[in-house]
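**Student:** my questions are about this predicted structure, shown below with the sequence.
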Amino acid sequence: GLTKRGVSAAAIYSGMSYSKIDITLDNASFGKTKLLYVSPERIKTRLFRERLKNMNVSLIAVDESHCISQWGYDFRPSYLEISNLRELIGKNVPIIALTATATPNVVDDIQDKLNFNAPLVMSKSFERENLKYLVYQTEDQLGSLVRFLKQNEGSGVVYARSRRRTQEVAEVLRNSGISADSYHAGLSSEQRSTKQDQWIAGETRVICATNAFGMGIDKPDVRSVAHVDLPDTLEAYFQEAGRAGRDERPSSAICIVGTN
């Protein structure tokens, strides 16, 4: 998305060859890359740490920063490595931490784990005036989902708990005349990229996914997010439901709960 807007950005991700990673890090070291995206797991690798010493880093941005907190809903120990970057690039490089789901305890924990020097917290309310929350309790979950999607136009995401469930839901939607596909961690990186790109481009209307889908998705015109299986925590639900209506137009977050 950034490169299409003329910003020199690059990402290192699983599935890349060693030579491509090497070239990407070289470009960042020589100042050819403005923004470099990496996962926290990448920080531990010797190649990344050696090249980082030669980079002129002006900012560390931590997305999904609730993952750094033991009080967050999706704790990932590798996020604790981020604060160690300052040993390689200098203690005065500013850090910005971003998250859509942080309780006061999590906010404090993020600042502590990232060793903030002069903390400044900016926050918005959970309340999204353009987002309508709905709960349906029904014996016919997928029938209700089909009716909802036919009555409410636009792009959508349906969250389900298992890989098989995403495939079953997508098949029901397709058989009902709704353009749909499934997305889960069991797919190859190439398959995931293709499905994601088709959905973002509007070639697929609805993506049926596990929680492996959604982080970093830049699609403002999602009109509905539906859950046929509920996530484990309220924070996770708000994170997933909040992917609807980021263009601030009216959108819906709907839970379709079985009666059994």
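**Tutor:** Noted; the coordinates are in hand. Numbers count the residues shown, from 1 in each chain.
**Student:** so, low pLDDT: which residues of the stretch 151-260 of the chain?
**Tutor:** Applying pLDDT under 70 to the stretch 151-260 of the chain flags the ranges 215-216, 260.
**Student:** how many other residues sit next to the closest residue to D181 other than its chain neighbours?
**Tutor:** Once flanking residues are discounted, D181 sits nearest to T204: 4.8 Å by Cβ to Cβ, 6 or more residues apart in numbering. (Glycine included, C-beta is placed from N, CA and C.) Close neighbours of T204, defined as other Cβ atoms under 10 Å, add up to 20.
**Student:** which SSE is T204 in?
**Tutor:** Under DSSP states H and E, no helix or strand contains T204.
**Student:** what residues are up against it?
**Tutor:** Residues near T204 by Cβ atoms under 8 Å, 6 or more residues apart in numbering: S179, A180, D181, K195, Q198.
**Student:** which residues are in contact with the fourth one?
**Tutor:** Right, the one you point to is K195. D181, S182, Y183, L187, T204, I207.
**Student:** residues near the first one, how many?
**Tutor:** Counted with other Cβ under 10 Å, the burial measure for D181 works out to 21 neighbours.
**Student:** three-state assignment of it?
**Tutor:** strand (DSSP: H, G, I helix; E, B strand; the rest coil).
**Student:** so it is in contact with I207, correct?
**Tutor:** Yes - between D181 and I207 there is a contact under Cβ atoms under 8 Å: 5.9 Å.
**Student:** what do those two both touch?
**Tutor:** Shared contacts of D181 and I207, defined by Cβ under 8 Å, 6+ apart, are found at K195, W199.
**Student:** need the max-distance pair from the contacts of T204.
**Tutor:** The largest separation in the contacts of T204, counting by Cβ to Cβ, is between S179 and K195 at 12.1 Å.
**Student:** specify the beta-bridge partners of K132.
**Tutor:** Beta bridges link K132 to S252 when assigned by DSSP bridges.
**Student:** surely it meets P250?
**Tutor:** Yes - counting by Cβ under 8 Å, K132 does reach P250; the two are 7.0 Å apart.
**Student:** what does stretch 158-176 rub up against?
**Tutor:** Here stretch 158-176 has contacts from 142, 145-146, 149-150, 179-186, 206-211, 213, 225-229, 231, 240, using Cβ under 8 Å, 6+ apart.
**Student:** mind checking which of those land in helices?
**Tutor:** L142, L145, V146, L149, K150, E240 (DSSP state H).
**Student:** what's the closest of the contacts of T204 to L88?
**Tutor:** Nearest to L88 among the contacts of T204, with distances taken as Cβ to Cβ, is K195, at 36.4 Å.
**Student:** what are the phi and psi angles of that closest one?
**Tutor:** phi -60, psi -40 (degrees, to the nearest 10).
**Student:** follow-up on the earlier one: I'd like the contacts of K195 as a markdown table, with distance to N115 appended.
**Tutor:** Below are the contacts of K195 laid out as a markdown table (distance: Cβ to Cβ, whole Å):
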| residue | distance to N115 |
| --- | --- |
| D181 | 42 |
| S182 | 41 |
| Y183 | 36 |
| L187 | 37 |
| T204 | 43 |
| I207 | 38 |
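**Student:** farthest pair within these?
**Tutor:** Spatially, the most separated pair among the contacts of K195 is L187 and T204, at 14.0 Å (Cβ to Cβ).
**Student:** quick one: list the elements packing against the host helix or strand of E87.
**Tutor:** Applying DSSP H and E as the criterion places E87 in helix 85-89. In terms of contacts (3 or more Cβ pairs under 8 Å, 6 or more residues apart in numbering; DSSP states H and E), helix 85-89 is packed against helix 46-52.
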